[in-house]
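>>> Dropping the sequence and predicted coords here.
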Amino acid sequence: GAGPGEEDRSTALRSEEGAHINKSLEALASVMRGLLQADADESLLPYDDSTLTQVLRPALNKHSKLLMFVNLSAEPSRAVDALDTLAFADAVKDIKTDATKKTVARHRLRITSAMNQLLSQDDFRRRSRRSTPGSSTAGTVQMIQAR
């Protein structure tokens, strides 16, 4: 099994990952709250606060269709989190957009391009940290269009 040092490191990594996820979700919530304001100037929304909102920027605006899925825990100890999540989702449903099929298709292409660019940058960083040729390959994101 893993030694005590490895368990501490694993716990620290999980904690750090959780902090990054929470930061990204808070940035997403901040952008969504801004979109809820009818007179919001989209250029002032905090898209640059996380990689998640940077990637989703082309789709997080008043010209896009928004769809939110929520994942809730049935555990009684998570009831407060579940209620907060439902309240947030309820607020998001009030965002008014003027999306059209043409706009959605254009945003889908921009998101795919942004995701591929981020994957390429991540792949480059991984390869520059490793000296082994071919140790990492870039992924490609493909968005499947509904017919």
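Noted; the coordinates are in hand.
>>> State the distance from the residue nearest the centre of the chain to S30.
For the chain, L52 is the residue whose C-alpha lies nearest the centre (Cα atoms, centre = their mean; 3.4 Å). From L52 over to S30 the distance is 11 Å, taken as Cβ to Cβ, to the nearest Å. Glycine gets a C-beta too; all of them are placed from N, C-alpha and C.
>>> List the buried residues of stretch 12-27.
S24, A27 (16 or more other Cβ atoms under 10 Å).
>>> Kindly report the same for stretch 111-121.
I111, A114, M115.
>>> Could you list which of those residues belong to helices?
If you go by DSSP state H, these have I111, A114, M115 in helices.
>>> Look at the last one and report its pLDDT.
According to the per-residue confidence, M115 scores 80 in pLDDT.
>>> Isn't H63 up against D98?
Yes. Contact criterion Cβ atoms under 8 Å: H63 and D98 qualify, at 6.0 Å.
>>> Mind giving me the packing neighbours of the helix ranked longest in the chain?
Secondary structure assigned by DSSP H gives helix 4-36 as the longest helix of the chain. Packing partners of helix 4-36 (3 or more Cβ pairs under 8 Å, 6 or more residues apart in numbering; DSSP states H and E): helix 51-56, helix 79-92.
>>> Looking at these, spot the one closest to L44.
Nearest to L44 among the helices and strands packed on helix 4-36 is helix 51-56 (13.4 Å), distances taken as Cβ to Cβ.
>>> What residues does V92 make contact with?
When contacts are counted by Cβ atoms under 8 Å, 6 or more residues apart in numbering, V92 is found next to M32, L36, L66, M68.
>>> go with 6 Å
Contacts for V92 were tallied using Cβ atoms under 6 Å, 6 or more residues apart in numbering; they are M32, M68.
>>> now A89
Neighbouring residues of A89 by Cβ under 6 Å, 6+ apart: M68, V70.
>>> Need the pLDDT of it.
Looking at A89, its pLDDT is 83.
>>> and if you look at S136?
S136 is given a pLDDT of 40.
>>> Point out where the chain drops to low pLDDT.
Residues of the chain meeting the criterion pLDDT under 70: 1-4, 38, 99-104, 107, 129-147.
>>> cutoff 80 now
Scanning the chain with the threshold set as pLDDT under 80 gives 1-7, 38-40, 62-68, 92-94, 96-108, 110, 121-147.
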